[in-house]
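A.B. asks: pasted the sequence and its predicted model underneath.
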Amino acid sequence: MSDQPSSFSAPRGTRDLLPPESWRWHRVFDVALNRVFGPAGYEPMDTPIFEHTEVFERGVGEATEVVSKQMYTFNDRGGRSLTLRPEATAGIVRAVLENRLDRGSLPVKLLCWGPMFRQERPQKGRYRQFTQIDIEAIGSEGPAIDAEIIELAARFLSEAGAECRLLLNSLGHLDGSCRLGYLKALVDYLRTHENELAPEDRSRIDDNPLRAFDSKEEPTIAVMKGAPAITDHLCNDCEQHFDEVRRLLDALDLEYTIDHTLVRGLDYYTRTAFEFVSDDVGAQASVLGGGRYDGLAESLGGGHLPGIGFALGVDRLLLASRTLSEWQPRHVGVFVVALGDRARSEALPIVTELRRAGVGADWDLMGRGMKGQMKSADRSGANWAVILGDDELDAGEVTLKDLATGEQQRIARGQLVIRVRAKES
Ligand code: HAM
């Protein structure tokens, strides 16, 4: 055993994923893929961890905090600018266009998970490398898919034991009359309150006034509470779209609050925007966020290809979930406790026989005594201990102990697999 801790620590804002949390992590993906999104027709995929920097500049938007301040961008040896993905949506739409998935049957329904990278100031629930589960439905403009996606998000969060509130907004069309009219009203409002804004937010009034809603500066947050609401400026088409999304959510008994300050920090959003927030995550209340991005494919050089999706922060979900923190894997069903040298040499064949029969089995590899091995058995989560000593060996038997009740009985060694399987089922 080494006394010396390493001279290195993980880079700031990153962390090691260790047991038992790592089990819960995989449990989240299992529920996502096999219980909620897979059965609703969403298929797993992944994109490279790094993309050409332009994918994010053009997709997410150069004026956003994510692109202008938080990206890990580097030149490779060939001099190309590459960026560790700060989010998945732009890369997924790039992949859909490049692989022509949009020429097949629509909508393309995809699920992707993996690490994302943003150089933010680390705090509880906010990391520089974090993991998202990202869901996208690409190809349909209609409001039904918005409601489907939001219902799936709500159900997934509830299956994962996170109590969250749903905030909803509509941002109108990117180039439509509603967005342009609204931006004008917003700029006028920001100009009248310019002196009350935080200095760094004043400079963006003309370039990208919507970003004032993302400000983390208290003076700006106070001003934005009184800002004009985009939902008061929607054109007829956008209003009808939003009405239908809400009608469908009502029909599904999903509760939500309209929050006209919700603009979601990334430039590609159009129409529906939503976020699920939790009071259990500290200042980083947003557990899951998403929305429609009907112009994203075009900003990446493709044709018109509307889409909607969301990403969920797995790190934050684990903070928000009340059930996952208690969830224990039960993979090891039997722990073999071997007492004495003869028994030790017989233990591995027994463990292997159990494993080959599909029964999870583990044993002591450190030469511990009876007490230490029984402790390991408890820690392993096993239901049964198989105890093997000289007595048992001489009789061709083993002792089978129920670790929950403490009851134990001797059985013929040849009966072990059958007995354990019968008790497990
Ligand atoms: P986002 O709101 O930037 O959206 O991130 C989505 C989620 O990722 C957040 O709600 C949060 O749980 C998690 N997250 C973001 N930054 C961090 C961080 N530094 N540390 C820990 N967790 C974090 C997007 O990324 C969009 N691509 C979502 C989307 C998909 N929109 C349409 N499709």
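C.D. replies: That came in fine, so what should we check first?

A.B. asks: gap between R356 and I418?
C.D. replies: Relative to I418, R356 is positioned 14 Å away (CB to CB, to the nearest Å). For every residue, glycine as well, the C-beta is placed using N, CA and C.

A.B. asks: residues from the stretch 251-400 of the chain in reach of the ligand?
C.D. replies: Within the stretch 251-400 of the chain, the positions lying close to the ligand (CB under 6 Å from any ligand atom) are 265-266, 286-291, 293, 309-311, 313, 315-316.

A.B. asks: and which of those residues is nearest to V223?
C.D. replies: Checking these against V223 by CB to CB gives G265 as the nearest, at 17.6 Å.

A.B. asks: nearest residue to that closest one other than its sequence neighbours?
C.D. replies: Leaving aside its sequence neighbours, G265 sits nearest to D214 (CB to CB, 6 or more residues apart in numbering; 4.6 Å).

A.B. asks: count the residues that sit near that neighbour.
C.D. replies: Applying the criterion other CB atoms under 10 Å, we find 20 residues in the vicinity of D214.

A.B. asks: what helix or strand is R191 on?
C.D. replies: R191 belongs to helix 177-192 when assigned by DSSP states H and E.

A.B. asks: buried sites along that helix?
C.D. replies: For helix 177-192, burial by neighbour count (16 or more other CB atoms under 10 Å) applies to C178, R179, G181, Y182, L183, A185, L186, Y189, L190.

A.B. asks: tell me how many other residues crowd W327.
C.D. replies: Neighbour tally, W327, other CB under 10 Å: 15.

A.B. asks: list the contacts of it.
C.D. replies: W23, R24, R27 (CB atoms under 8 Å, 6 or more residues apart in numbering).

A.B. asks: and the residues you listed, which of them are buried?
C.D. replies: R24, R27.

A.B. asks: now render the contacts of W327 as CSV, adding pLDDT and secondary structure.
C.D. replies: Output for the contacts of W327, formatted as CSV (pLDDT from 0 to 100; DSSP: H, G, I helix; E, B strand; the rest coil):
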residue, pLDDT, secondary structure
W23, 92, helix
R24, 93, helix
R27, 94, helix
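
A.B. asks: coming back round to it: out of the residues of the stretch 251-400 of the chain next to the ligand, flag the one nearest to S345.
C.D. replies: The nearest member of these to S345, counting by CB to CB, is D315 at 45.3 Å.

A.B. asks: so what's the nearest residue to the closest one once chain neighbours are set aside up against?
C.D. replies: Spatial nearest neighbour of D315, chain neighbours left out: F130 (5.0 Å); criterion: CB to CB, 6+ apart. Shown in contact with F130 (CB under 8 Å, 6+ apart): P115, M116, R118, G313, V314, D315.

A.B. asks: in helices, which of the residues you listed fall?
C.D. replies: Assignment to helices by DSSP state H places the following of these there: V314, D315.

A.B. asks: among the contacts of F130, which ones are buried?
C.D. replies: Taking 16+ other CB under 10 Å as the criterion, what is buried in the contacts of F130 is M116, R118, G313, V314, D315.

A.B. asks: show me the contacts for the one residue in the stretch 251-400 of the chain that gets nearest to the ligand.
C.D. replies: Closest residue of the stretch 251-400 of the chain to the ligand, CB to the nearest ligand atom: G313 (2.2 Å). Residues near G313 by CB under 8 Å, 6+ apart: G125, F130, T131, Q132, S286, V287, L288.

A.B. asks: wait, D206 touches V187, no?
C.D. replies: Yes. D206 lies in contact with V187 (CB atoms under 8 Å); the separation is 6.8 Å.

A.B. asks: run a quick neighbour tally on R322.
C.D. replies: R322: 11 surrounding residues under other CB under 10 Å.

A.B. asks: tell me who's in contact with the closest residue to it other than its chain neighbours.
C.D. replies: What sits nearest to R322 in space, not counting adjacent residues and going by CB to CB, 6+ apart, is G161, at 5.0 Å. Counting by CB under 8 Å, 6+ apart, G161 touches S321, R322, T323, L324.

A.B. asks: for the third one, grab phi and psi.
C.D. replies: Same thing as T323. With angles defined as degrees, to the nearest 10, T323 sits at phi -100, psi -30.

A.B. asks: same check, this time on the last one
C.D. replies: Reported as degrees, to the nearest 10, the phi and psi values for L324 are phi -60, psi -30.

A.B. asks: per-residue confidence for it?
C.D. replies: The per-residue pLDDT reported for L324 equals 87.

A.B. asks: looks like it contacts L157 (just checking).
C.D. replies: No. Using CB under 8 Å, L324 is not in contact with L157; the gap is 11.2 Å.

A.B. asks: anything in contact with each of those two?
C.D. replies: Residues touching both L324 and L157 (CB under 8 Å, 6+ apart): L317.

A.B. asks: check the contacts of F130 and tell me the two furthest apart.
C.D. replies: Within these, R118 and V314 form the most distant pair, 14.6 Å apart (CB to CB).

A.B. asks: average pLDDT for stretch 384-404?
C.D. replies: For stretch 384-404, mean pLDDT rounds to 97.
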